[in-house]
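Colleague: I would like to see how this sequence folds:
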Amino acid sequence: MRCTARALGAVLAGSLGTASCAGLASSGAGLHGFTASQAVPDAGGSHYISHVVVVIQENRSFDDFFATFPGADGATQGRMKTPSGSILVNLHRVPLAEPCDFSHSYGDYVHDYDGGAMDGFNLEYGGPNCLGQSGAAPYQYVDPSQIAPYWDIAQQYVLADHMFTTQGSGSFTGHQALIAGGTTINPEKTKTLVDYPSAMPWGCDAPPKTVTSMLVAESTIHGPVLKYRYRGGPFPCLGYRTMRDLLDAKGISWKYYSPPEPVGTGAFWNAFDAIEAVRRGPQWSTNIASPTTFFIDVDERTLPAVSWIVPTQPDSDHPGKHAVAGPSWVASIVNAIGESTYWQNTAVIVVWDDWGGFYDHVPPPFFDRWGGLGFRVPMLVVSPYALRGSGVHGGYVSHTQYEFGSILKFIEHVWSLGSLHKTDERATSIIDCFDFSQAPRKFNAIPSKYSKEYFLHQPPSNEPVDTE
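Modeller: So this is what the prediction gives:
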């Protein structure tokens with residue numbers, strides 16, 4: 001039984017709802033009726049894919065980037081809460097460079113969602129550049145000409161319009177979910193990290209008194225209740241299993257490419273800095289590298305089987321700055337793969353880590369005891385075997401319901417890794433974005449303003465990509 005939007009309103013108000021809804025979170029039932037034990041067919045295994053690259057961009061909702069994309073579930077109007085009730089407003093067309101850094105913590109998720117009305121986005125705050133409540137500013141969509149590489153990729157390959165984040169939370173837990181399937185920290189899976197640590201860097205390199213916040217599922221006479229514990233969680237140096245454990249167990253190579261920072265730890269924006277076994281072990285020297293190293297590894301044919309890559313601050317789509325290089329940065333990664341010998345056996349998955357406070361009209365389809373699902377973000381899937389659509393350029397819009405665990409589940413199936421037994425277990429794999437019976441596509445370069453050479457020679461910004 002799938003939990004309804006009304007049930008999600010109940011969890012945000014404090015209740016985890018009925019037993020059937022809670023069961024969904026732990027039973028392993030897939031979002032389309034599949035279970036974790038159902039393996040991907042042979043056609044989806046490593047016969048065809050031997051490299052997966054997960055590109056993680058920052059803080060954009062689906063409607064913010066693809067509101068008007070043909071065939072996609074986008075919207076150019078939205079609901080806004082006012083003292084006299086909810087009203088319908090037009091989304092305004094804007095440039096990519098967004099001066100406001102809209103708030104996007106768990107509390108903002110609750111307000112934005114507003115019991116299923118999806119009308120509270122105007123109550124967020126706009127950050128240091130836009131003081132006070134944001135009003136109509138989050139009700140926007142970016143001019144497609146400003147993000148042409150993303151639209152070009154979507155027109156040729158696969159655009160997923162129902163990818164939901166693991167939690168209604170910010171970037172810290174979003175990045176953790178993309179390596180670990182979630183942030184539960186106790187065996188009973190009733191305590192889950194949410195939002196972001198109290199100090200930076202976000203991980204084992206944080207100052208000694210740094211703490212995290214949690215969502216705790218507590219039992220009451222009225223059923224389970226979800227409680228928010230602000231800064232009631234542990235130091236952000238964690239021991240839970242990640243994809244690294246599954247990959248290492250099978251001898252599958254991996255690397256996490258993230259920007260460096262002044263002290264040289266690379267910890268400003270690296271999900272594995274919060275994983276003690278990696279940060280305080282030998283793999284910090286062998287499996288962690290800067291984003292520019294990715295291009296070198298492709299050129300020198302030393303690309304690992306599984307890669308995660310995170311932009312520097314100037315190459316991020318994160319609002320609050322005037323950076324506009326993000327689409328070109330993603331295009332340079334796709335082009336590097338497409339123009340190399342890796343093209344024939346690689347899947348490049350581009351995803352945004354959270355909604356960034358931007359309006360989206362689709363309410364999360366169910367809830368769990370860990371604060372999710374969160375709001376929609378875009379996902380692009382690029383591969384010679386990407387499913388073809390009927391459009392002029394062959395692009396396909398997938399309406400399948402995914403979550404971040406869907407990406408991990410695909411990786412697990414390609415290499416028969418087993419499961420982390422978190423959200424990857426229940427999620428629907430992104431395997432349906434591929435057609436391995438088709439002849440592999442010829443790669444066509446993605447045009448962009450900035451080339452690979454620009455990013456190879458770009459000086460370090462020494463800034464965190466995100467602070468929320």
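
Colleague: Name the nearest residue to Gly134, sequence neighbours excluded.
Modeller: Gly isn't right for residue 134; it's Ser. If the residues on either side of it in the chain are set aside, Ser134 comes closest to Gly126, at 4.4 Å by C-beta to C-beta, 6 or more residues apart in numbering. Quick note: C-beta positions are derived from backbone N, CA and C, even for glycine.

Colleague: Next: Asp152.
Modeller: Closest residue in space to Asp152, ignoring its immediate chain neighbours: Ile446 at 5.2 Å, by C-beta to C-beta, 6+ apart.

Colleague: gap between that neighbour and Val381?
Modeller: Ile446 is 14 Å from Val381, where distance means C-beta to C-beta, to the nearest Å.

Colleague: So between those two, which is more surrounded?
Modeller: Ranked by neighbour count (other C-beta atoms under 10 Å), Ile446 and Val381 place Val381 first, with 25 against 22.

Colleague: That one in helix, strand or coil?
Modeller: With DSSP: H, G, I helix; E, B strand; the rest coil as the basis, Val381 sits in strand.

Colleague: quick one, what contacts it?
Modeller: Counting by C-beta atoms under 8 Å, 6 or more residues apart in numbering, Val381 touches 157-158, 160, 347-350, 398, 430, 433-434.

Colleague: Please tell me how far it sits from Thr220.
Modeller: Note on Val381: its distance to Thr220, by C-beta to C-beta, is 42 Å.

Colleague: State the helix or strand in which the residue nearest to Pro128 when sequence neighbours are not counted lies.
Modeller: Leaving aside its sequence neighbours, Pro128 sits nearest to Asp101 (C-beta to C-beta, 6+ apart; 7.4 Å). Asp101 is part of no helix or strand, with elements assigned from DSSP states H and E.

Colleague: neighbours of Asp101, just the number please.
Modeller: For Asp101, the count of nearby residues is 23 (other C-beta under 10 Å).

Colleague: quick one, phi/psi of it?
Modeller: Phi and psi for Asp101, reported as degrees, to the nearest 10, are phi -100, psi 90.

Colleague: Show me where this structure has its helices.
Modeller: 5-13, 19-27, 62-66, 106-113, 148-156, 171-180, 243-249, 276-279, 283-286, 291-299, 326-338, 404-414, 423-426, 452-456 (DSSP state H).

Colleague: Which of these sits closest to Phe358?
Modeller: helix 62-66 (4.0 Å; C-beta to C-beta).

Colleague: which helices and strands does the closest one pack with?
Modeller: In this structure, helix 62-66 makes packing contacts with strand 140-142, helix 148-156, strand 158-164, strand 376-382, judged by 3 or more C-beta pairs under 8 Å, 6 or more residues apart in numbering; DSSP states H and E.

Colleague: now with 7 Å?
Modeller: The elements that helix 62-66 packs onto, with contact taken as 3 or more C-beta pairs under 7 Å, 6 or more residues apart in numbering; DSSP states H and E, are strand 140-142, strand 158-164, strand 376-382.

Colleague: Can I get those in a markdown table including mean pLDDT and distance to Arg79?
Modeller: Converted to a markdown table, the helices and strands packed on helix 62-66 look like this (pLDDT from 0 to 100; distance: least, C-beta to C-beta, whole Å):
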| stretch | mean pLDDT | distance to Arg79 |
| --- | --- | --- |
| strand 140-142 | 98 | 14 |
| strand 158-164 | 98 | 19 |
| strand 376-382 | 98 | 15 |
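
Colleague: Reformat the ones you listed as CSV; add distance to Val53.
Modeller: Shown next, in CSV, are those (distance: least, C-beta to C-beta, whole Å):
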stretch, distance to Val53
strand 140-142, 24
strand 158-164, 15
strand 376-382, 9
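
Colleague: quick one: which of the ones you listed is nearest Gly320?
Modeller: Closest among those, using C-beta to C-beta: strand 140-142, at 14.3 Å.

Colleague: mind checking how far the closest one is from the chain centre?
Modeller: Centroid displacement of strand 140-142 relative to its chain, using C-alpha atoms, centre = their mean, to the nearest Å, is 19 Å.

Colleague: Excluding covalently adjacent residues, which one is nearest to the residue nearest the centre of the chain?
Modeller: When C-alpha atoms, centre = their mean is applied to the chain, the residue found nearest the centroid is Asp353 (3.2 Å). Once flanking residues are discounted, Asp353 sits nearest to Gly174: 3.6 Å by C-beta to C-beta, 6+ apart.

Colleague: count of residues packed around that neighbour?
Modeller: 28.

Colleague: so who does it touch?
Modeller: For Gly174, the contact set (C-beta atoms under 7 Å, 6 or more residues apart in numbering) comprises 165, 353-354.

Colleague: same check, this time on Val310
Modeller: Applying C-beta under 7 Å, 6+ apart, the residues contacting Val310 are 56, 257-259, 269, 291, 465.

Colleague: export those residues to TSV and tack on distance to Val362?
Modeller: Formatted as TSV, these follow (distance: C-beta to C-beta, whole Å):
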residue	distance to Val362
Ile56	21
Tyr257	31
Ser258	30
Pro259	32
Trp269	28
Pro291	31
Val465	26
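
Colleague: quick one: pLDDT of Thr467?
Modeller: You'll see Thr467 listed with a pLDDT of 67.

Colleague: distance of the residue nearest to Pro128 from Trp269?
Modeller: 16 Å.

Colleague: Now do the same contact list for Asp108.
Modeller: Asp108 is in contact with 124, 357, counting by C-beta under 7 Å, 6+ apart.

Colleague: what about 8 Å?
Modeller: Contacts here follow C-beta under 8 Å, 6+ apart; on that basis Asp108 touches 102, 124, 357.

Colleague: Tell me how many other residues surround the closest residue to the last one other than its chain neighbours.
Modeller: If the residues on either side of it in the chain are set aside, Gly357 comes closest to Phe102, at 2.7 Å by C-beta to C-beta, 6+ apart. For Phe102, the count of nearby residues is 25 (other C-beta under 10 Å).

Colleague: List the contacts of Phe102.
Modeller: By C-beta under 8 Å, 6+ apart, the neighbours of Phe102 are 108, 121, 124-127, 134, 137-138, 319, 356-358.

Colleague: picking up where we left off before, distance check, the residue nearest to Pro128 against Pro363.
Modeller: 24 Å.

Colleague: swap in Thr68?
Modeller: Counting by C-beta to C-beta, the separation of Thr68 from Pro363 is 21 Å.

Colleague: Comparing the two, which shows the higher neighbour count?
Modeller: Between Thr68 and Pro363, counted using other C-beta under 10 Å, Pro363 has the larger neighbour count: 22 against 16.

Colleague: Hmm, Asp119 and the more buried one touching each other?
Modeller: No. Using C-beta atoms under 8 Å, Pro363 is not in contact with Asp119; the gap is 10.5 Å.

Colleague: Could you check the pLDDT of the spatially closest residue to Ala97 that is not a sequence neighbour?
Modeller: Spatial nearest neighbour of Ala97, chain neighbours left out: His322 (4.5 Å); criterion: C-beta to C-beta, 6+ apart. Confidence at His322, expressed as pLDDT, is 78.

Colleague: His322 touches Pro99, doesn't it?
Modeller: Yes. Here His322 lies in contact with Pro99, judged by C-beta under 8 Å, at a distance of 7.4 Å.

Colleague: Please identify which of the two sits among more neighbours.
Modeller: Pro99 (15 against 11).

Colleague: I'm done for today, thanks for sticking with me.
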